[in-house]
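# Provided below for reference: sequence and predicted model.
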Amino acid sequence: LDEGNKLIELEKTAFYGKGGGQPGDSGTLITEFETIEVIETIKKEDTLLHQVNSVNNLKIGSLIKGKIDWNKRYKFMRMHTALHLLCAVVPMGVTGGQIGDLKSRLDFNADANSINKEEIQEKLNQVLKNNHKVIYEWIRSEELEKKPELVRTMSVKPPKTNGKIRLVKIGDIDMQPCGGTHVENTSEIGPIIIGKIENKGKMNRRINISLSD
């Protein structure tokens, strides 16, 4: 417990730590004496820290029950999986991205004439007609080095866990290393709406998406 910065470390947690463009989980930590609001979860080296507004009776060794804000987390999961599908229909390098519960985006290494909004929307609609399972596979980092085409992000290296990297495979549509949270099946996403396509530089186009609900 870091009382100055109001950060709590737990022995085990289901909260997701902010990273890879995905916000950290919010929710509550429930103790014998109080319910503590978690406003953000952050990563510091190999540790997950729960940022809280205030804490009164917490001691090292206290038994705590964590409860994630599931409605927000589930939207993050749907959005994150949807961005993988966007990667599949826009076969260009990714220069940045951000996930939100209302709007998400990916930035692509592309010029003004290489991305057509209506074409992307149509391709996504075709992908979403089928229910694709999301499955995971762990490989060693050396194996990934032999398959550089799997890495879509141009500036961020895939996260490693004990020298291994997790591959996220969506049917036969997309496969890439990723440490974020996803749904089990693309049918959970619902319709994806392509929003504004912004010009962020000579070779940088930002595609915004939102969920239908």
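Sure, I can see it. Numbers count the residues shown, from 1 in each chain.

# ok, residues contacting whatever helix or strand residue 207 lives in?
Using DSSP states H and E, residue 207 falls within strand 205-211. The contact list for strand 205-211 (Cβ atoms under 8 Å, 6 or more residues apart in numbering) reads 75, 78-79, 82-83, 86, 90, 102-108, 110-112, 114-115, 120, 189-200. Yep, even glycine has a C-beta here, placed from its N, CA and C like the rest.

# chain center to the helix or strand bottoming out on mean pLDDT in the chain: distance?
When the helices and strands of the chain are scored by mean pLDDT, DSSP states H and E, helix 141-145 comes last with a mean of 78. Distance, stretch centre to chain centre, for helix 141-145: 22 Å (Cα atoms, centre = their mean, to the nearest Å).

# stretch 118-130 too?
21 Å.

# re the thing from before, give me the subset of the contacts of strand 205-211 that lies in strands.
Using DSSP state E, the members of the contacts of strand 205-211 that fall within strands are 104-108, 192-199.

# now residue 187. Nearest residue, chain neighbours left out?
In space, residue 187 comes closest to residue 131 once its chain neighbours are excluded; the distance is 4.2 Å by Cβ to Cβ, 6 or more residues apart in numbering.

# need phi/psi at the one you found.
phi -90, psi 110 (degrees, to the nearest 10).

# report the contact partners of it.
Taking Cβ under 8 Å, 6+ apart, one finds 185-187 in contact with residue 131.
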